[in-house]
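1. With the sequence up front, the predicted model follows.
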Amino acid sequence: MTERVVVVGASGFGREALDVLEAMQAAGAALEIVGVVDDQPSPLNLHRLSQRQIEYLGTIDDWLARDADEAYLLGIGSPPVRRMLVEKLDARSRRAFTAIHPNASVGSRADIAEGVVICAGAVVSTNVRLERHVHVNPNATIGHDSTLGEFSSLNPGGVVSGEVGIEPGVLIGATATVLQQLTVGADTTVGAGALVTKNVPSGVVVKGVPGTWA
């Protein structure tokens with residue numbers, strides 16, 4: 001059975017999510033890209049969708065008003081915005097799709113929940129748990145026995161070492177690194193290029209090498 005998928009979000013990560021879906025199609029996955037929904041797409045992003053012949057379907061409410069059995073994939077980088085949208089979509093009983101690029105490496109005994117997006121070049125080691133709607137960007141790496149809580153994002157080139165616990169809603173910036181056996185508290189942001197060398201509380205912004213917060 002062919003799965004019909006709608007991408008939520010026309011901006012950068014939404015179009016990267018489209019890349020993942022198209023690569024899955026090219027590798028033989030039975031899925032159809034129905035189009036993209038976005039409440040406030042910019043003219044430039046609408047043009048970019050048009051250039052790749054992806055249909056803009058209107059706002060999220062426009063899509064929810066349709067009686068359609070389509071799964072959705074969140075193409076939005078912000079963890080709090082993803083959490084807010086999933087609450088809305090869950091309330092309407094919409095199904096989330098999980099997208100894994102064929103050129104990503106996923107190790108043994110990985111536990112990957114619904115709505116996860118894993119981009120090209122990402123490496124997910126053995127016994128890793130990715131909870132709902134986690135985003136793993138291109139060339140990011142997750143070490144063995146680590147957990148990324150729901151709605152977390154690991155941006156391009158980011159590294160989560162072995163046996164790390166990332167709590168829900170965490171954003172780890174591009175090329176940032178979290179060393180082994182540490183915990184990063186919920187809703188924290190680890191800035192691009194930062195190096196986390198000790199446990200981090202919830203709701204802070206980590207900057208620098210070694211990483212510090214106020």
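-> Now that the structure is in, tell me what you want to look at. Numbering: from 1, shown residues only.

2. Who are the contact partners of the spatially most central residue of the chain?
-> The centroid of the chain falls nearest to H135 when counting by C-alpha atoms, centre = their mean (1.9 Å). Residues in contact with H135 (C-beta atoms under 8 Å, 6 or more residues apart in numbering) are 13, 77, 116-117, 152-154. From N, CA and C alone the C-beta is placed, and that goes for glycine too.

3. Keep only those of the residues you listed that are in helices.
-> Counting by DSSP state H, the contacts of H135 place F13 in helices.

4. nearest to G193, of the contacts of H135?
-> Comparing the contacts of H135 against G193 with C-beta to C-beta places L154 closest, at 13.8 Å.

5. Next one: the nearest residue to the closest one once chain neighbours are set aside from G149, what distance?
-> Distance criterion C-beta to C-beta, 6 or more residues apart in numbering; nearest residue to L154, sequence neighbours excluded, is A140 at 4.4 Å. Distance of A140 to G149, computed by C-beta to C-beta, to the nearest Å: 16 Å.

6. is it fair to say M84 lies in a helix?
-> Yes: per DSSP: H, G, I helix; E, B strand; the rest coil, M84 lies within a helix segment.

7. about what we covered before: I'd like the contacts of H135 laid out as CSV, including neighbour count.
-> Conversion of the contacts of H135 to CSV gives the following (neighbours: other C-beta atoms under 10 Å):
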residue, neighbour count
F13, 22
G77, 18
V116, 24
V117, 27
S152, 28
S153, 26
L154, 30
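
8. Nice, that's everything, thank you.
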